[in-house]
Structure formats: C-alpha cells, structure tokens
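Q: Curious how this folds, go ahead:
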Amino acid sequence: MTEQRATTVDPRALDALYELLAGRRTVVLAGAGCSTESGIPDYRGPEGIRRSRQPMKYQEFVRSEAARARYWARSAIGWPRFAAARPNPAHYALARMEEAGVVAGIITQNVDGLHQAAGSQRVVELHGSLAVVRCLDCGDELAREDYQARLLALNAGWLEALNGGAAELAPDGDAELPAWAESSFQVAPCARCGGTLKPDVVFFGENVPAARLAEAWRLFAEAEVLLVVGSSLTVYSGRRFIYRAQEVGVPIGIVNLGPTRGDEVAAVKIDGRVGEVLPRLAERWIN
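A: Model prediction:
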C-alpha cells in the first residue's frame, strides 16, 4: 500500500484554483496520485523519489521469454487485486465536474479504468488499459479477465503452491514472487496465431501509439486551462502537455501531493491529496 501523508489545504489556494477554472474549459491531466488513493501502488513516493521497484522494459519483454514468464507470473497474482480497486473521491469529483460542464475531458496516464468507473465520459487513456491484452503479431485482443483464466488453467497447481496467491502488490498490477514461481510459470500464446501476448499498455521504453497521442492532442486543443492532478510530471509522455500549454498560453493548475516538474510554471499549485482537494473543488459548482 502506498503511504498517504496527512495534509491541510489552504482555503486561499483552493479559492485561487476555483477562480482559475471558473468560466474556462478545463482539460485534466491525471497521474498515479489519483490511483494510489484507491490502493494501487505507484513507482514514486510523494516526494517524487523513485521506488526500488523496476518496471518491465518494452525491449526486455519482447526479446526475452524468461522476462515474459516473469511478467505474467507476477501479473497473475497482482491482477485480481488490481481489478478489484474502486474509484475514490478524486475520481468521482472529476466526473461531477465533467457533468457540471467544467471539465471537458481527462487525459490520464493511469491504466486502471477508474475514471470511467466513476462516471467520467471523455477519457483518453494515454498509456492504455491493463484490462486488455493484445497480440504483438496479429493484433488480436482479448479481455485481461479471460486471459487470467487461460493462464491459471495452463499453470494448474501453481497458485496453490503460492499459498493461494499471497504476495505483496506492486505497481501496474504486478506482485513480488519467489524466483521459482517466476521461472516455472507457463505463458499462454495468442489463441489465433500463437504469437506473443502483451497487456495493452505502454511499457517503459515504448512510445505512446500515434493515434492515441493524436486523440490526446485533440482534447488538449479544447483547453482554456490545464489542470494537472496527481502527477509529478516526471515522465515526458505527460510533461509534454505542460510544455505545449506554455507555448500556447494556456494557464496551468496543479494538485499533487509533493513537488512536480511543473510547479514553477503553474498559475496555482496546491500541495495536497487529490481525494481531499478535488471533492471540495467540485462542491463549488454543485452547491
């Protein structure tokens, strides 16, 4: 579980953020800080410091059969708990703000589908969705839940040997496993062509698909203000929107627990939990 630091939000900062958004079409850039409050771990702590956990690299996954076995073994344990996560107050607040006409849409770096589960209608999943698995060879796709059943059927008895799957949850539906559990795991191939299956998410070292990035830019083009929520803006795939906002004169608001790489250019920055700040912000338009 990711630690949550207690915060006190300055009412004046909240007023300033409300004034920044009022009367302007707002596009939201959402990061892992929205998901940690739903119990999904992230790769960095509140101070932006990278945790020791190393994410799977795209080239390693593609080139190494052992790496794929390691990834899917961990995912087989982590997926049920990842899939069981539910939206938190931040997700619901963003959905209410969209319904109220304040938020035009969300560009999210998260892969958990919690924005949609909370009711947000216009969401661009910049890094994809962990709920979908895609074949790298033929392009066929299937639901992650269905692939989970195939994996467990192929590895009968494996889960029981791990005491029913008791393991520490890690970012992106991953989990900590002993070496034997990873090396002995069998990976189910694509049912259509026998090719390599990969979660339909952007791994480290992989580019955001061009069509998806274009969709994000179309949404960004509607912004009269960019609101960053729960992101340290460390990763370029999200930080690029800060650069464009500066270029075209779109003001930036930031709500994040800890510093971000956009603090110096933000018109308003609130250091606080998104699950605390966003509901209070949403209430301004509802009440």
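
Q: going forward, measure contacts between C-alpha atoms and count neighbours the same way
A: Noted.

Q: lowest-pLDDT helix or strand in this protein?
A: strand 169-170 (a mean of 60; mean pLDDT, DSSP states H and E).

Q: which SS class is Val255?
A: strand (DSSP: H, G, I helix; E, B strand; the rest coil).

Q: Leaving out sequence neighbours, find the closest residue to Arg261.
A: For Arg261, ignoring the flanking residues on the chain, the nearest one in space by C-alpha to C-alpha, 6 or more residues apart in numbering is Leu233 at 5.5 Å.

Q: just checking, that neighbour touches Asp263?
A: No: the pair Leu233 / Asp263 is not scored as a contact, 9.6 Å apart, by C-alpha atoms under 8 Å.

Q: give me the number of residues near Trp217?
A: By other C-alpha atoms under 10 Å, the residues close to Trp217 number 15.

Q: Please name the residues that touch the residue nearest to Arg261.
A: Each residue near Leu233 by C-alpha atoms under 8 Å, 6 or more residues apart in numbering is listed here: Arg239, Thr260, Arg261, Gly262.

Q: got it, and Val62?
A: Per C-alpha under 8 Å, 6+ apart, neighbours of Val62: Arg68.

Q: Now do the strands in the chain.
A: Remark: strands assigned in the chain by DSSP state E are 26-30, 103-108, 123-125, 128-135, 141-143, 169-170, 174-175, 197-201, 225-229, 252-256, 268-271.

Q: Quick one: list the elements packing against the second one.
A: In this case it means strand 103-108. Contacts defined by 3 or more C-alpha pairs under 8 Å, 6 or more residues apart in numbering; DSSP states H and E place strand 103-108 against strand 26-30, helix 89-99, strand 123-125, helix 210-220.

Q: What's the separation between the residue nearest to Arg261 and Ala118?
A: Using C-alpha to C-alpha, to the nearest Å, Leu233 is found at 24 Å from Ala118.

Q: How about Thr8?
A: 25 Å.

Q: more crowded one of these two?
A: Taking neighbours as other C-alpha under 10 Å, Thr8 and Ala118 compare with Ala118 leading, 19 against 10.

Q: contacting residues for that one?
A: Counted by C-alpha under 8 Å, 6+ apart, Ala118 has contacts Pro87, His91, Tyr92, Ala95.

Q: please redo it, this time with the cut-off set to 6 Å
A: Residues counted as contacts of Ala118 (C-alpha atoms under 6 Å, 6 or more residues apart in numbering) are Pro87, His91, Tyr92.

Q: do Glu222 as well
A: Counting by C-alpha under 6 Å, 6+ apart, Glu222 has no contacts.

Q: try it again with 10 Å
A: Arg25, Thr26, Val27, Ala104, Gly105 (C-alpha atoms under 10 Å, 6 or more residues apart in numbering).

Q: so how many other residues sit close to Gly194?
A: Neighbour number of Gly194 under other C-alpha under 10 Å is 12.

Q: so it makes contact with Cys135?
A: Yes: counting by C-alpha atoms under 10 Å, Cys135 is a contact partner of Gly194 at 8.9 Å.

Q: Would you map out the domains in the chain?
A: Listed by automatic domain parsing, the domain ranges of the chain are 9-40+85-127+207-287, 52-82+133-201.

Q: for the record, mean pLDDT for the longest helix anywhere in the chain?
A: Longest helix of the chain, by residue count under DSSP state H: helix 65-83. Averaged across helix 65-83, pLDDT comes to 93.
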